[in-house]
Every structure is written in structure tokens, then in C-alpha cells.
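>>> Any chance you can model this:
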Amino acid sequence: MARTSQPSDPVALSDFGDDDTTRWAHIASRFRGPLSGFFATRVRNPSDVDDLVQDVFVQLIRRAEGGPIEHVEQYLFQVAANVLRDQGRRRQVRHADEHDAYDEDVHVLATEISPERVLLGEESVARVTEALAGLPQRTRDVFFLRALERCKFADIARMLGVSKSTVEKEMARALAQINHYLNPPA
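Numbers count the residues shown, from 1 in each chain. Predicted coordinates:
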């Protein structure tokens, strides 16, 4: 069944009120529900609906500053379709569907660290420091550049004037030394 406008139904932006405050209040009141329904049937995450509706109203306000809008309802739903399409593109580019949602109940932060945990951490740091102290300077440099500065092997090789293979071997040597100090043979 085709939808028709009643003669008294506002159509143009100017029909919704004489001043901006009244106009936007009437538009939000009239179209928030239908826009929410439009998005609710098209998005996977229901928490996105309010943000998408808000995006539509923001775009309407920006567009209204540029000139009159003759058919507000058609314009709003065209903007809604564009907002939905833009969100889909962003989700695709960011691989959003491959991510798990953050759940505060599952991802509880450790707010208290026990004295035992502090002691174990200090002992581990002391062992790593001892392990690194026993290595040649170039091996330590490779370890620090790779592990702490996150440099690529090729970049480290260029900085130190050695081959990439040498850097990889030095890094393996450093990791083996640290592993030996952290997990001594029984």
C-alpha cells in the first residue's frame, strides 16, 4: 500500500517550525522512531542504531544550512541509506566483523597485584637483566632494538651495518639466553 501525505503533514523543512529549536525538536520527535526502525532491521549490533540515527540528524542540520529541503522525509531516509552504506564500508575496511566486542565482565582489569606477584615479577626482571648482561654488546643492542623499540630486522641490520641474517641470529641468541635464565634446567 502506497504511503500518502496528509495535506496537513509537514513536507518541507520550513513546515516543521519557524525557528531552529522548534523545527529540530519536531523533526527529531517525528522521525527518530521510524529511523530507529529502519536501522534496527539492517544492522547487526543494536547498539549502533542510536549513533546512526544521530548521524542522520547531524547531516540534516548541516544540509539545512545550505538551503531549503523540500521533502524532508524522503531526504532523511536517503541520508539514512547513505549513512548505513558508509558504516558498512567502514566495517569492511576495519574488518569489524572479525573482532570480538569488548565485554567488561569478561575483560576485568587486574586492579590489585598481590605481593607474591610483585616479588615474582621483580625476580624475573633481575634474571632477564642478568641474562642480558652476559651477552655481547651487539646482541644486547639487537635485543633492545627489536624487543623494546619494535624495529624490523632489516632496519636493525642497516643501523648496525650487518646482514639481516646476523641480526636474526643475534636475536635468537638473546632469547635463548633469557629463556635459559628464566627456566634453568632442573
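>>> So which bits of stretch 115-129 are buried?
For stretch 115-129, a neighbour-count test (16 or more other Cβ atoms under 10 Å) marks Arg127 as buried. All C-beta atoms are positioned from the backbone trio N, CA, C, and that covers glycine.
>>> Rounded mean pLDDT for it, please.
On average, the pLDDT along stretch 115-129 is 91.
>>> Return the per-residue confidence for Ser5.
So Ser5 comes in at 43 (pLDDT).
>>> repeat for Thr111
On pLDDT, Thr111 comes in at 68.
>>> from now on call the first residue 470
Okay, using 470 as the starting number, the last item reads as Thr580.
>>> Now do the same contact list for Met640.
Val611, Phe612, Arg615, Phe622 (Cβ atoms under 8 Å, 6 or more residues apart in numbering).
>>> State the helix or strand in which the nearest residue to the third one once chain neighbours are set aside lies.
I take that to be Arg615. Closest residue to Arg615 apart from its sequence neighbours, by Cβ to Cβ, 6 or more residues apart in numbering: Met640 at 5.4 Å. Per DSSP states H and E, Met640 falls inside helix 633-651.
>>> wait, Arg501 sits on Leu521?
No. Here Arg501 lies out of contact with Leu521, judged by Cβ atoms under 8 Å, at a distance of 11.4 Å.
>>> Would you mind measuring from Thr608 to Leu614?
Distance of Thr608 to Leu614, given as Cβ to Cβ, to the nearest Å: 11 Å.
>>> Can you show me the helices along this structure?
Applying DSSP state H to the chain gives helices spanning 489-509, 518-533, 541-562, 584-602, 606-612, 622-629, 633-651.
>>> Using JSON lines, please lay out these together with distance to Ala481.
Compiled in JSON lines, those are given as follows (distance: least, Cβ to Cβ, whole Å):
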{"stretch": "helix 489-509", "distance to Ala481": "11"}
{"stretch": "helix 518-533", "distance to Ala481": "11"}
{"stretch": "helix 541-562", "distance to Ala481": "7"}
{"stretch": "helix 584-602", "distance to Ala481": "66"}
{"stretch": "helix 606-612", "distance to Ala481": "69"}
{"stretch": "helix 622-629", "distance to Ala481": "61"}
{"stretch": "helix 633-651", "distance to Ala481": "67"}
